[in-house]
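[1] One predicted model, sequence on top.
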Amino acid sequence: MKRLLALLTLVLALTGCSAPADNSTNDDTARKTLKVGMECNYAPFNWTQVEDSDTAEPISSVDFCDGYDVVIAARIASELNMDVQIVKTDWDNLIPALNANDIDLIIAGMTETPDRAEAVNFTKPYYESQMVAVVRANSELTGITSIQELSGYNVLGQLNTIYDEIIDQIEGVNHMVPQDSYPRMVLSLQAGEADAITAEMPVAQGVVAANPDLAIVTFAEGNGFVADTSVSVAVRKTDTDLLEQVQAVLDSITQEERNTMMQEATNRQPANE
């Protein structure tokens, strides 16, 4: 009888020990989450809205992020069999957040520069555009064709971006203290503090679509800003496998698809950011 009880005890103990192993296996096969950092304040690349939609992702219990970058992020996550999570992050905190493992990727309309490339790795560009200026629609500047015609005017860019750096290419310009977000730049322009603000074409199109009192200024060939207007995905230096996987997904998206995605993002951005 004692032997039978001992045998039963041993069987029960072995059965109990097998349960955690099964749970661990289940955890290993669960979908992982890809955390993507962006400002959610830079339409049409990314913006914040209070309504859910087919292309938006939640960023809190009350609001959502949508835009071209969100669609790209969702596409990458889907192809990698992962769930996407958009993490709203101030521009200056994006690279520190990536290297602190708070996010896995930066998809935020970010251009690769030598300084940034020292801190993180970049994919090939996932979008390229041209640099323009945005002015008030009733301004005398609407008809200019050269950046040098902005000499003597107040020109504003965004802090720690090429939008601010390129302003010094204008001789005799009044280079204003940069703003830390694009919506603030728009308000400064509308208030008459700035005469012009710099922008990439998709951003300018989104701004003007939402603000009919503003207009886009393009420049004649050879008379515009000299700038790299391509944007890339940023990945931690140590995540070489992830970099290859993300690049493979980007390579599968045709230029026609990218143009369509950007146009759709521009068309659906909120009328008032």
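    Noted; the coordinates are in hand.
[2] any idea how far the spatially most central residue of the chain lies from V71?
    Nearest residue to the geometric centre of the chain (CA atoms, centre = their mean): A108, 1.5 Å. Relative to V71, A108 is positioned 13 Å away (criterion: CB to CB, to the nearest Å). Glycine gets a C-beta too; all of them are placed from N, C-alpha and C.
[3] quick revisit: can you tell me the helix or strand for the residue nearest to the centre of the chain?
    Using DSSP states H and E, A108 sits within no helix or strand.
[4] One more: the one 4 residues further on?
    Here E112, judged by DSSP H and E, is contained in no helix and no strand.
[5] Return the residues in contact with it.
    By CB atoms under 8 Å, 6 or more residues apart in numbering, the contact set of E112 is F122, P125, D228, S230, S232.
[6] can you do 6 Å?
    Applying CB atoms under 6 Å, 6 or more residues apart in numbering to E112 gives the contacts F122, S232.
[7] Can you tell me how far the residue nearest to the centre of the chain is from G67?
    Remark: distance between A108 and G67 (CB to CB) = 10 Å.
[8] ok, N174 - how many residues close by?
    When neighbours are counted by other CB atoms under 10 Å, N174 registers 15.
[9] The closest residue to it other than its chain neighbours: how many residues sit nearby?
    Closest residue to N174 apart from its sequence neighbours, by CB to CB, 6 or more residues apart in numbering: N154 at 4.7 Å. Using other CB under 10 Å, the number of residues around N154 comes to 17.
[10] ok, N154 - contacts?
    Counting by CB under 6 Å, 6+ apart, N154 has contacts N174, M176, A194, D195.
[11] and with 10 Å instead?
    Contact partners of N154, counting by CB atoms under 10 Å, 6 or more residues apart in numbering, are V173, N174, H175, M176, S188, L189, G192, E193, A194, D195, A196, I197.
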